[in-house]
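Participant: have a look; sequence and predicted model below, questions after that.
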Amino acid sequence: MTIVNLFGKSKILYHIIKYFDLFDFPVKYDELVQLLNMRSDVIHSELKFLISKKLISKLKEYYFIPEKDWTILKRVKAENNFQISYIKIFRAGWILSHFPFVRAIFLTGSISKNVLEEYDDYDFLIITEPNHIWICKSIIDAFKRLISLNLRYSIYRFFDCNYFISKDNLTILDQNEFTALEIYFCKSIYNYPLYQEFLKENEWIKQKFKLPDNKEKILAIRRRLQFIQSFLEYLIKIFLKIFYRKNIIEKLIYALYYNISIKNQLVGNYEEFKSKGNFSQIKFFGNTQGFMVENFLNTNKNQFRNKVSTKVLRSHLFQTNENKTQGLDIVLTHAYYLSKTKKDKKVKKPYVPLGPLYIASYLKANGFKVAFYDTTFKKGPSYFSKDIIIKFKNASFGIIGIYVTEMTRKNALKMIKACRRKSLVVIVGGPDPSNVPELYVENGANIVVIGEGEQTMLEILQEIKNPTKSFIDIEGIYSERGFSHPRNQLKKLDDLPFPAYELLDLKPYFRMWKKFRGHTEMSIITSRGCPYDCNWCSKPVFGNNLRLRSPKNVVNELVYLKNKFNPEFIHINDDIFGINEKWLKKFHFEILNNNHKMNYECLLRIDIVKPKILQLLKESGCNCIWFGIESGSQKILNRMSKHINITQLEPKMEMIRKANLKVGFFIMLGYPGENSADINLTRKLLRLTKPNFLGISMAYPITGTKFYKEITPFLKKSRFKLRLENSSRITFKTKYPPIYYGIVKRLLETEKKIYNKVGVVLVNRIIVKIYSFIYRIFALCLN
């Protein structure tokens, strides 16, 4: 059974349910009875017929398109949000009613149905003074851009004038089912008599569905500043008379004609309406397309004198034929801003975002047009919306993918809001969205990619381009409809192309590395996953299953990096490296056999260290090994589930020194159960082993870890106001105050300078004495 087979009352019912489905709005039986001029028993029997043909579904009192039962909860939330935003909507309408040449304002879209999602627009239909539709639209657009009503009353709302209709041409030309229902349900908030006249001029609406009169009215706006509108209109008319004499205005009117016609009578959602409410259909090219058209008009305003140039304009407006701007399928980015993290600004070690670059290269290899917007050296998320439109002003796009970690969550949420204001489809992925996907959907993301993103992102874009199924059938995603089926991890990592480094400008990375570190550096990944289960470690993307790239594939990437970018140092960014000795031997062979030796550093576990592995590492180019020691107390290591025996450390360090390799330790302070005695053991361990480098952080509970579950009752409220530098701050209630751990950190760093003979030894010894004294005082008072 298809829509073509429907006729009479069943067709009317189905079209109305399908229309409401565009707004994810399931309809109640009572609402249908009230809406339609039919007997209730007739409506009931027709609904049963539609259900039997599987054209609609029913749950409780709601009727909706099949497989969209999730819209019930969404409607309830949207109704509550509408009540909260009711006053703001009227404020927006009140201001618009005072704009020059505005003669009537109606509510349209979702707000005309008393629903409003958190990121929906305030949709208005505006009737203007005859022959002034274009100037009215231009003034309102300028107001949105320059003064921004949305910043004045709310930081996450903005109005949208969907239709502009001239008072002398009230008859709608595009007479289809969608337009009929959209106009039928609109509500007047200013100039109700003109609203009645507008409905009379469009009697075809009632004939289309045989609908009763829509008697529902809402409180009309009281205008008290009409004199301002009259004065502005007087000034504008004087201004226009001057420009009419110079024949400039005709050129602008001609250029803007098609833009006006779209806003005047045509409804952008009609194609979506014809698609039977399929979730797969997504509306693209919102404000991004508007920006492109406006830019085109500004740069070509003197050319619109013939039919050829008019055809060029139409092609830009409708994105269909010749002279089309080069389009992108997706723009990928990440939420890391170096300027927003105090710790990283001091360290000056920016790394290339490998995660989204892997996805970019995978999509490119499968025929999609991809761009990457690097936020690392940008000012901050507040500038994101402006920066990204300027960067891609010559390329239209409708989808943006954002890679997020827990430390960049705050930035990402701001970016998502900015994207939604630009009518972009937002897809997020990475460790944090994989842990808490519902948070991102609640804050505006359309789709969350769970786990590894390459295959999932490919299927999402393929589905958007050629819809064949519902998004809920794509594995590894979360949306408003909940989780889909989990996706299996990639088994053959060699099948992945190298990260799309060509999409990135590496010059600022290299400049910072060279200036502050004395060399240039890049990072690579040789494996995914980690088989160990430390309580505080989170692996929501790559998981616990260790998967290795082939040694030859890794060496090929190193050769590619050397030939293309020539970095002086490589950071192997694996969770754990060198765990498979056979793999390491082959890697060693490929490096030496092909004479591709490069300096690199990596992260190992101390318990797998032995002379043979150290020899392989050294000969293949490794000159520094990092270890996650975390603490010098066996009690704390056991609580962390590190599975390390602290007594192994000293003899292992002797092996490393003999192999002439540098060593870096990661130390974690503030883990639950740690006291001053445990910290003293850590100090003693560092004095014995004398690592060359030291990375000290505070214990940080990442969502989804065993540590997080253990510490949840003790989390501070500030923990949820995440900032990028939170990794060096205490986010839960600890035995000692934050200042104590700050002193311990400085004490450990200064002691490292003494045994590594860095700086003036005498000065460092005095500083250690001071910190040690303060440390002991705190320990005595707090123990």
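Facilitator: Okay, I see it.
Participant: give the other helices and strands that the helix or strand where residue 415 lies contacts.
Facilitator: Using DSSP states H and E, residue 415 sits within helix 409-421. When contacts are defined as 3 or more C-beta pairs under 8 Å, 6 or more residues apart in numbering; DSSP states H and E, helix 409-421 packs onto helix 384-391, strand 399-403, strand 425-429, helix 437-442. The way it works is simple: take the backbone N, C-alpha and C, and place the C-beta from them, glycine included.
Participant: quick one: which of those is nearest residue 749?
Facilitator: Minimum separation from residue 749 across the helices and strands packed on helix 409-421 (C-beta to C-beta) falls at strand 399-403, 31.4 Å.
Participant: my guess is residue 338 meets residue 379, correct?
Facilitator: No: counting by C-beta atoms under 8 Å, residue 338 does not reach residue 379; the two are 10.3 Å apart.
Participant: out of those two, name the residue with the larger neighbour count.
Facilitator: The neighbour comparison of residue 338 against residue 379 (other C-beta atoms under 10 Å) goes to residue 338, with 18 against 13.
Participant: ok now do residue 648, which residues does it touch?
Facilitator: When contacts are counted by C-beta atoms under 8 Å, 6 or more residues apart in numbering, residue 648 touches 606, 607.
Participant: for the one 4 residues further on, same thing?
Facilitator: Contacts of residue 652 were listed using C-beta under 8 Å, 6+ apart, and they are 606, 609.
Participant: can you check my assumption that it lies in a strand?
Facilitator: No: counting by DSSP: H, G, I helix; E, B strand; the rest coil, residue 652 is located in no strand; its state is helix.
Participant: model confidence for residue 407, exactly?
Facilitator: On the pLDDT scale, residue 407 is placed at 86.
Participant: what's the burial count for it?
Facilitator: 23.
Participant: how about the nearest residue to residue 202, chain neighbours excluded?
Facilitator: residue 172 (5.4 Å; C-beta to C-beta, 6 or more residues apart in numbering).
Participant: and the one you found, which helix or strand is it part of?
Facilitator: Applying DSSP H and E, one finds residue 172 in no helix or strand.
Participant: assess the claim that it and residue 186 are in contact.
Facilitator: No: Residue 172 is beyond contact range of residue 186, at 11.4 Å (criterion: C-beta under 8 Å).
Participant: the residue nearest to residue 202: neighbour count?
Facilitator: That count, for residue 172 with other C-beta under 10 Å as the rule, works out to 22.
Participant: now it: how far from residue 163?
Facilitator: Separation of residue 172 from residue 163 (C-beta to C-beta, to the nearest Å): 9 Å.
Participant: likewise residue 630?
Facilitator: Where residue 163 is concerned, residue 630 sits at a distance of 62 Å (C-beta to C-beta).
Participant: same thing with residue 693?
Facilitator: For residue 693 relative to residue 163 (C-beta to C-beta), the value is 63 Å.
Participant: those two: which has the busier surroundings?
Facilitator: Set residue 693 next to residue 163 and count neighbours by other C-beta under 10 Å: residue 163 wins out with 22 against 14.
Participant: in three-state terms, label the more buried one for me.
Facilitator: Classified using three-state DSSP, residue 163 is strand.
Participant: just for the chain, where's the confidence low?
Facilitator: 1-8, 37, 119, 145-159, 174, 207-224, 240-326, 393-394, 716-730, 782-783 (pLDDT under 70).
Participant: quickly list the domain ranges of it.
Facilitator: 3-69, 75-245, 330-487, 495-715 (automatic domain parsing).
Participant: coming back round to it: can you list the helices and strands packed on helix 409-421 in CSV and add mean neighbour count and distance to residue 568?
Facilitator: CSV is the format used below for the helices and strands packed on helix 409-421 (neighbours: other C-beta atoms under 10 Å; distance: least, C-beta to C-beta, whole Å):
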stretch, mean neighbour count, distance to residue 568
helix 384-391, 17, 29
strand 399-403, 26, 27
strand 425-429, 27, 32
helix 437-442, 18, 38
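Participant: just so I know, which of those lies nearest residue 22?
Facilitator: That would be strand 425-429 among those, by C-beta to C-beta, at 16.0 Å.
Participant: pull up the pairing partners for that closest one, direction included.
Facilitator: Strand pairing for strand 425-429, determined by DSSP bridges: strand 399-403 (parallel), strand 447-449 (parallel).
Participant: could I get whichever helix or strand comes after the shortest one in PDB with only the CA atoms?
Facilitator: Using DSSP H and E, the helix or strand that follows strand 447-449 towards the C-terminus is helix 454-465. The C-alpha atoms that make up helix 454-465 are tabulated as PDB, following Å, rounded to 0.1, in the frame of the first residue of the first chain:
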ATOM      1  CA  GLU A 454      35.800   5.300  10.100                       C
ATOM      2  CA  GLN A 455      33.300   2.800   9.000                       C
ATOM      3  CA  THR A 456      30.400   4.400  10.800                       C
ATOM      4  CA  MET A 457      31.000   7.900   9.400                       C
ATOM      5  CA  LEU A 458      31.300   6.400   5.900                       C
ATOM      6  CA  GLU A 459      27.900   4.700   6.300                       C
ATOM      7  CA  ILE A 460      26.300   7.900   7.600                       C
ATOM      8  CA  LEU A 461      27.400   9.900   4.700                       C
ATOM      9  CA  GLN A 462      26.400   7.200   2.200                       C
ATOM     10  CA  GLU A 463      23.000   7.100   3.800                       C
ATOM     11  CA  ILE A 464      22.600  10.900   3.600                       C
ATOM     12  CA  LYS A 465      23.700  10.900   0.000                       C
END
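Participant: distance from the chain centre to the helix or strand just after helix 454-465, please.
Facilitator: Later in the chain than helix 454-465, the nearest helix or strand by DSSP H and E is strand 477-479. Chain-centre distance of strand 477-479: 13 Å, with C-alpha atoms, centre = their mean, to the nearest Å.
Participant: give me the contacts around strand 477-479.
Facilitator: 437-438, 441, 446-450, 456, 460, 471-472, 483-484.
Participant: same thing but at 10 Å, please
Facilitator: 70, 279, 427-429, 433-434, 436-438, 440-441, 445-451, 453, 456-457, 459-460, 471-472, 483-487 (C-beta atoms under 10 Å, 6 or more residues apart in numbering).
Participant: which of those residues are buried? Put it as a PyMOL command.
Facilitator: Filtering these down to the buried ones (16 or more other C-beta atoms under 10 Å) takes a single PyMOL command:
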select buried, resi 70+279+427+428+429+433+434+436+437+440+441+445+446+447+448+449+450+451+453+456+457+459+460+471+472+484+487
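Participant: what segments of the stretch 451-600 of the chain are strands?
Facilitator: 477-479, 482-483, 521-524, 527-528, 547-548, 569-572, 600-604 (DSSP state E, counting those that start in this stretch).
Participant: which strands or helices does the fourth one pack on?
Facilitator: By that I understand strand 527-528. strand 547-548 (3 or more C-beta pairs under 10 Å, 6 or more residues apart in numbering; DSSP states H and E).
Participant: neighbouring strands - and their directions - for the strand it packs on?
Facilitator: strand 527-528 (antiparallel).
Participant: and for the partner strand, what's in contact with it?
Facilitator: With C-beta under 10 Å, 6+ apart, strand 527-528 has contacts from 452, 489-490, 493, 496, 539, 541-543, 545-549, 554, 572-577, 579-580, 583.
Participant: could you verify that residue 623 is part of a strand?
Facilitator: Yes: according to three-state DSSP, residue 623 belongs to a strand.
Participant: in helices only, show me the contacts of strand 527-528.
Facilitator: Per DSSP state H, helices hold the following members of the contacts of strand 527-528: 554, 583.
Participant: now the buried members of the contacts of strand 527-528.
Facilitator: The buried subset of the contacts of strand 527-528 (16+ other C-beta under 10 Å) comprises 452, 489-490, 493, 496, 539, 541-542, 546, 548-549, 554, 572-577, 579, 583.
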